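[1] What would the 3D arrangement of this be:
(2 chains)
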Amino acid sequence: MANTRTRFAPSPTGFMHVGGVRTALFAWLIAKHSNGQFILRIEDTDKVREVEGSEDHIMKSLEFLNLKWDEGPDIGGPCMLYRQSERLDLYKEWAEKLVQSGRAYTDPYKKEELEELRELAKKNKKPFLFRDHRPEAMPMWDGKKTLRFKSNPKSYTWKDEVLGKLSTGPEVIDDFIIMKSDGYPTYNFAHIVDDYLMKITHIVRSQEFISSTPKFLNLYEALEIEHPLFVTLPPVMGPDGKKKLSKRDGAKGILDYGREGYMPEALINFLATLGWNDGSTKEIFNINELIASFDIQRINRAGAKFDEQRLMWLNGHYIRELSLDDLFEKVQDYWPQSATSFENDYKKKVLGLVQERLKYFTELPQLTNFFFEELPTDKTLIENNKFLKDYQKDELINLLGQVKLSLESSDFSVEDLTTRLNQLLETTNKKPGELFSLIRIVTTWAPASPALADSLAVFGKDKTLHKLSKAITDL
RNA sequence: GGUCCUGUCGUCUAGUGGUUUAGGAUAUCUGGUUCUCAUCCAGAAGAUCGCGGGUUCGAAUCCCGCCAGGAUCACCA
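    Residues are numbered from 1 along each chain as shown, chains lettered A, B, ... in the order given. I've put the predicted structure just below:
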């Protein structure tokens, strides 16, 4: 087998959502698994739909996941140019070949004429085929008019590396446009020429291209070139699990997930197992394990839903595996506003307490804000607490008074706080559910917080005592 | 409508004729970890393997039919 070369060939027509990135990842993994090359090619042949900044977004998305391309428009490579708009001469040259061999002809129809023919076919409930209307006289192609491929309709059976044997009849093959009137090639033509010239061995793309594969096969034949292996990926489904994920249903870009605090490692792990598995019960794969075990034969056929729940679990897993210092580095832009004036040491202690409950970084403020600011007194937290709801105000104040008295002589180490809290259980004759709940609530005024002694130790003596005093007055 | 693809717990999936009373993960629920949330541990519930025929001693696995969902039929990729 030749040196494996795969490509990711997006068109710069807007921001790329996670489904596109999944295609890129699979192509990248196939290349890297065989020690081959991964090529980035920009298919910018549609000047009308082109959106400024798309190419940048595509590159940033891949870079975020650390999917490096070996050849591409920014770094070049043996094929020189990796933007289709820069390769127009090549397409013209190849189109000329087809014209000369009688396999391409100038399309004489006006847009309205075609519309009419289509309408007519629809009226007669017959499928429209352009080849039924091939012009008698074929005008010379001057490189500026629309050029159509003269197809040779026939049945095809071909092999897809994922889907296996696929076949269709001649009715799906028609004369299609290969060069547009603006001088640009269509995707249908350009990608075939480029894949050949760039020595691509595997075409990795998703299922929407299955139905056009027969006409590609027809074109490969006319061009007298061999086609690469077809690797058809199952679709990525949206939240309803039925339709393909799309921007309209709120599909996000990979950089959006990055901004929300999802780690590249988690996203890669998630995307890789969306339509692929290694056959074992292994769920967690780092990038090297993926490269080593990725196998085209184990790509699934059925569509897989993009399930954010699962992504969240994976991200939480990767966050927990991080060292505190590494995590601290990564979350530095995600602290609540109120944390700005605090020392790094203090923030690090807080982070240590919430690391195991963090699922993604933008959750950080709601998990930690009470360590940096005083949340408003919320008596419903006490009224709705199953242990505290029947207590009289006086009792609560009395308990807090005892707590304050004991903690005044604590050194606020976790050990000493734990000892004193346990002693208080005995002296007050209360259950942990009652006493600890009360202290936790009045020192944080948050619905949830880390373990009590740990939290108080981070607060420190002054703040804790202040909070207790304030609670005694406020209640 | 034509053509093609797909169909196993809610979700991601294992399974390619017989250690399958269909396994794992996630999500959900319960219990434990001196309070909450989370982690971790233990456990529960959850799939008549899309449906109906057939082949076979035996089928999620092979064959046929049907159904459902999806993709595609552009001077878009």
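[2] Next, count neighbours for A:V204.
    29 (other Cβ atoms under 10 Å). In this view, the C-beta of every residue, glycine as well, is placed from N, C-alpha and C.
[3] Sorry, wrong one. I was asking about A:L219.
    For A:L219, using other Cβ under 10 Å, the count is 24.
[4] looking at this, it is in a strand?
    No: the assignment for A:L219, made by DSSP: H, G, I helix; E, B strand; the rest coil, is helix rather than a strand.
[5] Tell me which residues touch it, please.
    A:L219 makes contacts with A:149, A:178, A:188-189, A:192, as judged by Cβ atoms under 8 Å, 6 or more residues apart in numbering.
[6] domain ranges for chain A?
    Taking automatic domain parsing as the domain assignment, the ranges for chain A are A:5-73+A:188-236, A:374-474.
[7] quick revisit: the contacts of A:L219 into CSV, with extra columns for distance to A:H466?
    Shown next, in CSV, are those (distance: Cβ to Cβ, whole Å):
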residue, distance to A:H466
A:F149, 80
A:I178, 77
A:N188, 72
A:F189, 74
A:I192, 73
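[8] RNA strand B: which of the residues you listed is nearest?
    Nearest to RNA strand B among the contacts of A:L219 is A:N188, at 5.9 Å by Cβ to the nearest atom of the strand.
[9] so the closest residue to A:Q423 other than its chain neighbours, which of the three states?
    In this structure, A:Q423 finds its nearest non-sequential neighbour in A:S406, 6.9 Å apart by Cβ to Cβ, 6 or more residues apart in numbering. What three-state DSSP gives for A:S406 is helix.
[10] Which of the contacts of A:L219 fall within strands?
    If you go by DSSP state E, the contacts of A:L219 have A:149, A:178 in strands.
[11] which among the contacts of A:L219 end up buried?
    A:149, A:178, A:188-189, A:192 (16 or more other Cβ atoms under 10 Å).
[12] Residues of the stretch 201-350 of chain A that sit close to RNA strand B?
    Counting by Cβ under 7 Å from any atom of the strand, the residues of the stretch 201-350 of chain A close to RNA strand B are A:207-212, A:234-235, A:237, A:241-244, A:273-277, A:279, A:281, A:283, A:298, A:300-305, A:307, A:309-310, A:312-313, A:316-317, A:320.
[13] Among those residues, which ones are in strands?
    A:237, A:304-305.
[14] Out of those residues, who's the most crowded?
    A:M237 (21 neighbours).
[15] Please list all residues in contact with that one.
    Counting by Cβ under 8 Å, 6+ apart, A:M237 has contacts A:243-245, A:303-306.
[16] could you pull out the helices for the stretch 301-450 of chain A?
    A:308-321, A:324-330, A:344-354, A:364-368, A:380-383, A:393-407, A:414-428, A:432-444 (DSSP state H, counting those that start in this stretch).
[17] Is it possible to get a markdown table of these that adds mean neighbour count?
    Converted to a markdown table, the helices of the stretch 301-450 of chain A look like this (neighbours: other Cβ atoms under 10 Å):
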| stretch | mean neighbour count |
| --- | --- |
| helix A:308-321 | 17 |
| helix A:324-330 | 14 |
| helix A:344-354 | 16 |
| helix A:364-368 | 19 |
| helix A:380-383 | 14 |
| helix A:393-407 | 16 |
| helix A:414-428 | 15 |
| helix A:432-444 | 20 |
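[18] Can you narrow the contacts of A:L219 down to the ones near RNA strand B?
    Okay, of the contacts of A:L219 touching RNA strand B (Cβ under 7 Å from any atom of the strand), that's A:N188.
[19] From the contacts of A:L219, pick the one nearest A:Q37.
    When the contacts of A:L219 are ranked by distance to A:Q37 (Cβ to Cβ), A:I192 comes first, at 19.2 Å.
[20] Once you drop chain neighbours, what's closest to the closest one?
    Nearest to A:I192 is A:L219, by Cβ to Cβ, 6+ apart, at 5.8 Å.
[21] Can you check the pLDDT for the one you found?
    Model confidence at A:L219, given as pLDDT, is 98.
[22] do A:D89 as well
    The score at A:D89 is 96. That number is its pLDDT.
[23] try A:K244
    With respect to pLDDT, A:K244 has a value of 89.
[24] hmm, the helix or strand of chain A with the lowest mean pLDDT in reach of RNA strand B?
    Within chain A, no helix or strand scores below helix A:111-123, which has a mean of 88 by mean pLDDT, DSSP states H and E. Yes: contact of helix A:111-123 with RNA strand B (Cβ under 7 Å from any atom of the strand) involves A:111, A:114, A:118.
[25] Specify the local secondary structure of the closest residue to the last one other than its chain neighbours.
    Read it as A:R118. Spatially, and ignoring its direct neighbours in sequence, A:R118 is nearest to A:F128 (4.9 Å; Cβ to Cβ, 6+ apart). Secondary structure, three-state DSSP: A:F128 is coil.
[26] Pop out the phi and psi values for A:F128.
    For A:F128, the backbone dihedrals (degrees, to the nearest 10) come out as phi -80, psi 130.
[27] Relative to A:Q100, how far out is it?
    Distance, A:F128 to A:Q100, by Cβ to Cβ, to the nearest Å: 29 Å.
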